[in-house]
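> Just the structure for this:
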Amino acid sequence: MSANTPSTGPIELPERLVPGYERLRAGAAQILPENSLAEKLLQADREDRPLRVKHGIDPSGTELTLGHAVVQRKLRQFQDLGHLVVLIIGDFTGMVGDPSGRSATRKQLTAEETSANAKTYVDQLMRILDPERVEIRRNSEWLAGMNLADVVRETSVLTVAQLLERDDFAKRFAAHQPISLSEFLYPFLQGYDSVAVESDIELGGTDQTYNLLVGRDLQRVHGQPQQAVLTVPLLEGLDGVQKMSKSLNNYVAITEPAAEQFGKLMSIPDSLVNRYAVLATDFSPDELKEVAAEVAAGGPRAGAAKRRVAGEIVRLYHGSAGAAEAEAAFDRQFKAREVPTDVPEFGLPEGDPVHLPALLRAAGLVTSGSEARRAITAGSVRLDGDRVEASVLDLPREKLLGRVLQVGKRKAARLVG
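Residues are numbered from 1 along each chain as shown. Down below sits the predicted model:
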């Protein structure tokens, strides 16, 4: 896609001439081409019409996470500025399966599975989006009726060389892992959605960049104005390393109970607090600066910043009362179990399971392996306030991640990835 991939330098247009631009740019990873979003906003302002802002839903699961919500909160910002969100339910592409970021060909879903998943997704999306400014389309409307001649003609725009420039395809090709022809077709199918709905702008994660640019190419061939592309970063999960994913069990679902959301968010590493503030809240620029200063100060101030971010995220999905109750429940639980909240973080060593005596020594909670064993036997070692059984010397890594490991009342560390 090199011929059609623009630079991403800073925009030169005066901010006062571009209504809403600064708000929409905040938290974005890329805007492609460089001035396209500003130009679209100016055009919409001149013509006094809403922009058609496209986003595709891949109905491969049933639960939306804070990672999914990053792009959806950006869509809501477009709505708040008066624009129309065009949601494309990938009931046809869902049967192919999005290969983005995949190391292997994904199992194809049935029409019944994609339909059921899509309904669940839309219900959850309306917790974030304004239903009055949403147009919902299914891409089977235009893709199911294509014949082989249509597909051959349309895909002449793409080349195998371009497809193999994609990082996920390139890695699998180099490793001699299979890539199905249907996966090669996926970018075309997603791109053709932009032609069908005549989108002005398309949003997606950074792993979708190639697919979004294919939409521009197809619009050009069809004589349509090319869409602007806005990508958002991928949000790391609770482990602080991998992308938020249900399969990795490092996620926060937007439909989870308030108390569960708050507790999970209080387990994220301090190093992620700023990122969650930027990508998962509606904080103003000044509020984001305040959070960043508190995190940089470290210690109790960083803990207070994490609490503030956790409370704001819970408020978005459960309201102010729900967030307040979740925070109070968290405090009651930890006070009753005497779990310290403002403690240093310690990175878990590699390996699974983790040998507890070695971990206690490495974290500086004991001075020797024998002291560690004595503390375990005496019942002095706790995880989030729960006493570790005397017979337990090895624990699964997932049961340690994000939890407070404590020896006695004064020595503790929060275990991070």
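> Okay, now the unreliable bits of the stretch 151-300 of the chain?
Residue ranges of the stretch 151-300 of the chain with pLDDT under 70: none are present.
> residue boundaries of the strands in it?
Secondary structure of the stretch 151-300 of the chain (DSSP state E, counting those that start in this stretch): strands at 201-205, 228-232.
> Please apply the same query to the stretch 301-417 of the chain.
345-347, 354-355, 381-383, 386-387, 394-395, 404-407, 411-416.
> Throw those strands into a markdown table and include mean neighbour count and distance to D58, thanks.
Where you see a C-beta, it was placed from the backbone N, CA and C, and this is true even at glycine. Shown next, in a markdown table, are the strands of the stretch 301-417 of the chain (neighbours: other C-beta atoms under 10 Å; distance: least, C-beta to C-beta, whole Å):
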| stretch | mean neighbour count | distance to D58 |
| --- | --- | --- |
| strand 345-347 | 15 | 33 |
| strand 354-355 | 18 | 35 |
| strand 381-383 | 22 | 37 |
| strand 386-387 | 13 | 38 |
| strand 394-395 | 16 | 35 |
| strand 404-407 | 22 | 37 |
| strand 411-416 | 22 | 30 |
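> quick one: which of these is nearest L42?
strand 411-416 (44.9 Å; C-beta to C-beta).
> Can I get that closest one as CSV, trimmed to CA atoms?
Taking C-alpha atoms only, strand 411-416 is exported to CSV below (Å, rounded to 0.1, in the frame of the first residue of the first chain):
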residue,chain,number,x,y,z
LYS,A,411,6.3,-6.5,54.0
ALA,A,412,4.4,-6.6,50.7
ALA,A,413,4.7,-6.2,46.9
ARG,A,414,2.2,-6.1,44.1
LEU,A,415,3.1,-8.7,41.4
VAL,A,416,3.1,-7.4,37.9
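> now for the strands of the stretch 151-300 of the chain, which one comes closest to A310?
When those are compared (using C-beta to C-beta), the closest one is strand 228-232, at 20.8 Å.
> Show me what that closest one pairs with in its sheet, parallel or antiparallel.
Here strand 228-232 is paired, per DSSP bridges, with strand 30-32 (antiparallel), strand 201-205 (parallel).
> closest one to E63 among those strands?
Taking the strands paired with strand 228-232 one by one with C-beta to C-beta, strand 201-205 is closest: 17.0 Å.
> Skipping its backbone neighbours, what lies nearest A26 in space?
P285 (6.9 Å; C-beta to C-beta, 6 or more residues apart in numbering).
> about what we covered before: deepest of the strands paired with strand 228-232, which one?
strand 201-205 (a mean of 24; mean count of other C-beta atoms under 10 Å).
> Please tell me how far that strand is from the chain's geometric centre.
Distance, stretch centre to chain centre, for strand 201-205: 13 Å (C-alpha atoms, centre = their mean, to the nearest Å).
> Check stretch 158-171 too.
24 Å.
> again, but for stretch 227-236
Distance, centroid of stretch 227-236 to centroid of chain: 10 Å (C-alpha atoms, centre = their mean).
> tell me how far the ends of that stretch are from each other?
End-to-end distance of stretch 227-236 (C-alpha to C-alpha, to the nearest Å): 28 Å.
> Kindly report the same for stretch 223-242.
Terminal-residue distance, stretch 223-242 (C-alpha to C-alpha): 41 Å.
> And stretch 266-286, by the same measure?
Stretch 266-286: ends 22 Å apart by C-alpha to C-alpha.
> again with stretch 169-183
9 Å.
> Would you mind listing the buried residues in that stretch?
Within stretch 169-183, the residues scored as buried using 16 or more other C-beta atoms under 10 Å are F169, R172, I179, E183.
> So the first one is in contact with L163, correct?
This points to F169. Yes: using C-beta atoms under 8 Å, F169 is in contact with L163, at 5.9 Å.
> among the strands of the stretch 151-300 of the chain, which is nearest A28?
Of all the strands of the stretch 151-300 of the chain, strand 228-232 comes closest under C-beta to C-beta, at 5.5 Å.
> quick one on the thing from earlier: out of the buried residues of stretch 169-183, name the two that are farthest from one another.
So, those by C-beta to C-beta: farthest apart are R172 and E183, at 9.3 Å.
> And the contacts of stretch 353-360?
348-349, 366, 369, 372-373, 375-376, 381, 388, 392-397, 400, 405, 407, 415 (C-beta atoms under 8 Å, 6 or more residues apart in numbering).
> Sort out for me which of these are in helices.
Counted as lying in helices by DSSP state H, out of the contacts of stretch 353-360, are G369, A372, R373, A375, I376, R397, L400.
> burial count for the fifth one?
Using other C-beta atoms under 10 Å as the criterion, I376 is surrounded by 22 other residues.
> I figured it hits R382, correct?
No: contact between I376 and R382 fails when scored by C-beta under 8 Å: they sit 10.3 Å apart.
> hey, what's in contact with both of the two?
What both I376 and R382 touch, as defined by C-beta under 8 Å, 6+ apart, is the set V388.
> Show me which residues of stretch 24-41 are buried.
Applying 16+ other C-beta under 10 Å to stretch 24-41 flags 24-25, 27-41 as buried.
> Same question for stretch 158-170.
Buried-residue list, stretch 158-170, by 16+ other C-beta under 10 Å: L158, Q162, L163, R166, D168, F169.
> One more: stretch 179-197?
Buried-residue list, stretch 179-197, by 16+ other C-beta under 10 Å: 179, 183-197.
> Also stretch 53-68?
Buried-residue list, stretch 53-68, by 16+ other C-beta under 10 Å: 53-60, 64-68.
> from those residues, which has minimum pLDDT?
Among these, S60 carries the lowest pLDDT, at 68.
> From what I see, L24 and L37 are in contact.
Yes: taking C-beta under 8 Å as the definition, L24 is a contact partner of L37 at 6.6 Å.
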